[in-house]
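**Q** Generate a structure from the sequence data that follows.
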Amino acid sequence: MLADLPGLLESKSNWGELQNWLLSLEATDLVRAGRLLRSKGVLPVAGSEKAKSVEIALTASFNPKLAIDAFVGAFSARGMKPLPFASDYGQYLFDVGNPESPIYANKAAAVVCIMGVDAIFSRLPSPFALRDALSSLEILFEDISSMIERHNSHTDSVLIISLPPEDLRFTKQLISVADRAKVNAALYRLYANVYQLVSGMANVAAITPPALRRTEVIQESQRLTYARMPLSDCQLVEIAFEAATIVSAGAGAVHKALGVDLDGTLWAGVVGEDGAESLDAGVSLRGAGHFRMQALLKQFETQGIVLAALTKNDLDNAVSGIRYAPGMILTEKDFVAIEASWNPKEWSLEKVADSLNIAVEAFAFLDDHIAERGAMRERHPGVVVPDLAGDPAAFADILILHDPFATTEITSEDVKRTAMYQAESERRAVANSAHDTKDFLLSLSIKISIRDATQSDMARLSQLSLRTNQFHSAMLRMDAAELSKWTAEGKRKLLAIEAEDRFGSYGMVGMMMLEEGKDCLRISNMILSCRVFSRGLEEAMLCTAINYGIRRGYEHIEAVFVETARNARVKELFMVHHFEKSESVASLFFLSAASEQSFPDHLDVKAEI
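**A** You can find the predicted model right below:
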């Protein structure tokens, strides 16, 4: 346990440094840090103003107030400012699914229901037999199923259920080893049944915390006996971290790109001094940790995380290391960019982000050098910068613990993301050699499809809704279930936009939400991926909506626009097409006496609506 925790907390100069420090703490110290953060409110460190405030409602089989500090510590470590509310002792069966429960009063980002072994014990007679334990677990599953059904019947809010962990204080009350095995089998059936139940639910997730360790049993005996708290700090912290990951991913606050150093990070040695053949990327123990890191990055890359090499080096040396370092797993094709220069790496990251049209905050950054990590955090507090300090054997595990890339679901577009950005590099090369922009766009032979969305599109459209900031008219954040529900109500159309050109497919890059009213057609939301800006796709989308409204007999078109610091492109598009700002409704633009619109000449548009 750290002696000077308050002093260490006060010493953190920026939000990224604070997050990394919190992530490094043992469970008990993280809970203590959570208590200090809660007492102090928001720490005045650089970058904290950009952290999102998140309301969390806690209910439990015990007193959920005892879990608050663990949640404050874990959510802060994950880059959020938690605003927790805890219900009363043991009210979880009443709270979840009851619309009158206080846990639903503030429309929390997530309701977290935590169960300890007392959720099983409380149902048992004393003394109990094997059949009683098995029956208790069966009834608990029925209660959980009922809770979920009641929750979903009145709200779409996120529900996270933390199931009772394995606990030898329960199983070892049965002295028959065979009976203990049967109880454990029943407990794992409970886990499997709950996971199966929630697997198709976008707004419900389950967590299984780690078992209570043998060394914790005596340490935790007073807490269980006097406070009736069945979970250790280690278990509470694991639950809180998993809940924070689920909330962050569900809100679209995920990272999709990784800037990575080369020397000392992906291989042992310095390529500019040693030469590529003298490096070790995994052929001996010297490079074993770097080999694990590369294998992890390859795993992430195949799931849609784009990699960019950032190195203070000559380009020839950097490429030589990637090609010829013994033991390399990653190849040049795994990187969307290799930025080799003697500029500060925070500048190099900005250059790569700009070339890919990705927000800098969508990156994580890996570097074994403390000065490089500090400079990156100072300039870009929103970039996740794990502390790759000490033995390289731990580098991969440090990144895993940060868990920056967790997402609700992987789509086909995610899997193809690296190839898409590489194709974009080819397009930029053509653009640089083209006579003018018009010639460049004509040379692409862009085809765009605008059609009614299907159920299989919802995961990708939800991603666009949750993650897009620059071209997002109404700033509506909706998950797949909410999009499906919106589509089913009234005269509404949810449109999916796909595009391709001679270099390949862009994938599903946009969406529109149209509503037919009595006197007008409303564009309730309009979203386009930043990957395809300035190709005319946004014009084709707006023209399609206007033309659809005219065909339906509307002369008046409305468009919802909620202005932010980053979505000025949408406003510009509306103004170019003669939309006017409503004087009575701040978030509304309108087009009177609408006339048929022509698509840009360089586009081949197939609008099936």
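
**Q** and the top helix by length along the chain, what does it pack onto?
**A** The helix that spans the most residues within the chain, counting by DSSP state H, is helix 130-154. Judged by 3 or more Cβ pairs under 8 Å, 6 or more residues apart in numbering; DSSP states H and E, helix 130-154 is in contact with helix 92-95, helix 118-121, strand 158-162, helix 177-198, strand 204-207. Glycine gets a C-beta too; all of them are placed from N, C-alpha and C.

**Q** a markdown table please, covering those and showing mean neighbour count, mean pLDDT and distance to residue 504.
**A** Output for the helices and strands packed on helix 130-154, formatted as a markdown table (neighbours: other Cβ atoms under 10 Å; pLDDT from 0 to 100; distance: least, Cβ to Cβ, whole Å):
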| stretch | mean neighbour count | mean pLDDT | distance to residue 504 |
| --- | --- | --- | --- |
| helix 92-95 | 21 | 93 | 50 |
| helix 118-121 | 22 | 92 | 52 |
| strand 158-162 | 24 | 95 | 36 |
| helix 177-198 | 15 | 96 | 36 |
| strand 204-207 | 22 | 95 | 35 |
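
**Q** okay but residue 6 is in contact with residue 36, surely?
**A** Yes - at 6.0 Å, residue 6 and residue 36 qualify as touching, with contact defined as Cβ atoms under 8 Å.

**Q** More neighbours: which of these two?
**A** Taking residue 6 and residue 36 together and counting by other Cβ atoms under 10 Å, residue 36 has the greater number of neighbours (17 against 14).

**Q** SS state for the more buried one?
**A** The three-state assignment at residue 36 reads helix, by DSSP: H, G, I helix; E, B strand; the rest coil.

**Q** How confident is the prediction for it, by pLDDT?
**A** At residue 36, the predicted lDDT confidence score is 88.

**Q** With residue 596 instead?
**A** Residue-level pLDDT assigned to residue 596 equals 88.

**Q** Render the CA-only coordinates of stretch 143-150 in PDB, please.
**A** Once non-C-alpha atoms are left out, stretch 143-150 reads as follows in PDB (Å, rounded to 0.1, in the frame of the first residue of the first chain):
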ATOM      1  CA  ASP A 143     -34.400 -14.100 -11.300                       C
ATOM      2  CA  ILE A 144     -31.700 -12.700 -13.500                       C
ATOM      3  CA  SER A 145     -33.800 -13.600 -16.600                       C
ATOM      4  CA  SER A 146     -36.800 -11.800 -15.100                       C
ATOM      5  CA  MET A 147     -34.700  -8.800 -14.200                       C
ATOM      6  CA  ILE A 148     -33.400  -8.400 -17.700                       C
ATOM      7  CA  GLU A 149     -36.900  -8.800 -19.200                       C
ATOM      8  CA  ARG A 150     -38.400  -6.200 -16.900                       C
END
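
**Q** How far off centre is it?
**A** The chain centre lies 27 Å from the centre of stretch 143-150; the measure is Cα atoms, centre = their mean, to the nearest Å.

**Q** contacts for it?
**A** With Cβ atoms under 8 Å, 6 or more residues apart in numbering as the contact definition, stretch 143-150 has outside contacts at 92-93, 96-98, 113, 159, 161, 194, 197-198, 201, 204.

**Q** Make sure residue 405 is indeed in a strand.
**A** No - the assignment for residue 405 (three-state DSSP) gives coil, which keeps it out of a strand.

**Q** wouldn't it be in contact with residue 301 here?
**A** No - look at residue 405 against residue 301 with Cβ under 8 Å: they stay out of range, at 10.4 Å.

**Q** helix/strand/coil for the residue lying farthest from the centre of the chain?
**A** Here the centre of the chain is the reference, and by Cα atoms, centre = their mean the most remote residue is residue 127, at 46.4 Å. Secondary structure of residue 127, reduced to three states by three-state DSSP: coil.

**Q** pLDDT score for residue 44?
**A** According to the model's per-residue confidence, residue 44 sits at a pLDDT of 54.

**Q** Oh, that last question was meant for residue 541, not what I typed.
**A** 97.

**Q** mind checking how far it is from residue 461?
**A** 14 Å (Cβ to Cβ, to the nearest Å).

**Q** repeat for residue 118
**A** According to Cβ to Cβ, residue 118 stands 42 Å off from residue 461.

**Q** element containing residue 111, please.
**A** Assigned by DSSP states H and E, residue 111 falls within strand 110-114.

**Q** That strand pairs with which strands, and in what direction?
**A** The pairing partners recorded for strand 110-114 under DSSP bridges are strand 52-60 (parallel), strand 158-162 (parallel).

**Q** now the angle between strand 110-114 and the very next helix or strand once past the first one, please.
**A** Okay, so that is strand 52-60. Heading C-terminal from strand 52-60, the first helix or strand you meet, by DSSP H and E, is helix 68-77. Direction vectors for helix 68-77 and strand 110-114, defined by axes from the mean of the first three to the mean of the last three Cα atoms, to 10 degrees, enclose an angle of 130 degrees.

**Q** And helix 68-77, what does it pack against?
**A** Judged by 3+ Cβ pairs under 8 Å, 6+ apart, helix 68-77 is in contact with helix 15-24, helix 27-40, strand 52-60, strand 80-86, helix 233-250.

**Q** If we use 6 Å, what do you get?
**A** Applying 3 or more Cβ pairs under 6 Å, 6 or more residues apart in numbering; DSSP states H and E, one finds that helix 68-77 makes contact with helix 15-24, helix 27-40, strand 80-86, helix 233-250.
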